[in-house]
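Student: the sequence and its predicted three-dimensional model are supplied below.
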Protein chains: 2
Amino acid sequence: MTDDVFKALADPTRRLILDELTDRNGQTLFEICGRLVTKHGLGLSRQAVSQHLAVLEAAGLVSTRREGRYKFHDLHTEPLEHIVTRWLAQPDQEGRTP
Amino acid sequence: MTDDVFKALADPTRRLILDELTDRNGQTLFEICGRLVTKHGLGLSRQAVSQHLAVLEAAGLVSTRREGRYKFHDLHTEPLEHIVTRWLAQPDQEGRTP
DNA sequence: ACGATAGGCAAGTATCGACTTGCCTATCAA
DNA sequence: TTGATAGGCAAGTCGATACTTGCCTATCGT
């Protein structure tokens, strides 16, 4: 479960996709594609982005809703909120023992 | 930079190593090895763990100090604190812009 | 000095993961 | 209905990466 989230975040392109969905939620595959190409200059195929979105969805970071021939992608940030606290459990008292 | 952190966290064994260092800071390679084998039942070689530690160190998540023939590994959690806020920047006001 | 302990280096394997290519389905507009 | 738009499926390629094996160096105890 958390494994899927970390694996999803491991790829820089997927992190960019999350950035773009943070900027504007509910985009379609083609919109995300366009943004990645124009704003970030990466040249990848539509299929590549589609597969990235599938990984993000499997990780619970993105949910999709279909309307007619459009499929909109929405960001879900809940899985991100607790994955890191696991090692940050010591609130601010970083116990350095010199 | 953040790329190294996410890549480091992508592997479940490395996350376990962080867990063990959270439990007890300043362990040696052999100690970490022993914990992974006995507590988590994974059978991997010393080299494997050593390479994982190298990845964690390259990501800035672990620092090492040498004393005689021992090399102690210390956890650094700072890189973890800000990597996720990037998508959590909207505090609780999920701003859907209509 | 010698053996044992703690760790490092380097090459090889083998699996996984990102990406492509080619074709297929579904919805909408004319 | 036809063509254009939005997306899906399935295999195949290729580089990254997790792991092993074998040998080498350094420090400590006796």
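Tutor: Received the coordinates, thanks.
Student: residue in chain A nearest to chain B?
Tutor: Closest approach between chain A and chain B, counting by CB to the nearest CB: A:Ala10, at 3.7 Å. C-beta coordinates here come from the backbone N, C-alpha and C atoms, glycine included.
Student: where do the strands of chain A begin and end?
Tutor: A:62-67, A:70-75 (DSSP state E).
Student: adding mean pLDDT, write the ones you listed out as a markdown table.
Tutor: Converted to a markdown table, these look like this (pLDDT from 0 to 100):
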| stretch | mean pLDDT |
| --- | --- |
| strand A:62-67 | 98 |
| strand A:70-75 | 98 |
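Student: how about CSV for those strands, with mean neighbour count and distance to DNA strand C added?
Tutor: Below are these laid out as CSV (neighbours: other CB atoms under 10 Å in any protein chain shown; distance: least, CB to the nearest atom of the strand, whole Å):
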stretch, mean neighbour count, distance to DNA strand C
strand A:62-67, 12, 7
strand A:70-75, 16, 8
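Student: so which of those strands gets nearest B:Leu29?
Tutor: strand A:62-67 (38.8 Å; CB to CB).
Student: mind putting the strands of chain A into a markdown table with distance to B:His40?
Tutor: Output for those, formatted as a markdown table (distance: least, CB to CB, whole Å):
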| stretch | distance to B:His40 |
| --- | --- |
| strand A:62-67 | 31 |
| strand A:70-75 | 33 |
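Student: hang on, isn't the residue of chain A closest to chain B packed against B:Phe6?
Tutor: Yes. Counting by CB atoms under 8 Å, A:Ala10 touches B:Phe6, with 5.2 Å between them.
Student: between the two, point out the one with more neighbours.
Tutor: Taking other CB atoms under 10 Å in any protein chain shown, A:Ala10 and B:Phe6 do not tie; B:Phe6 has more neighbours (21 against 18).
Student: could you pull up the contacting residues of A:Cys33?
Tutor: Applying CB atoms under 8 Å, 6 or more residues apart in numbering or on different chains to A:Cys33 gives the contacts A:Arg46, A:Val49.
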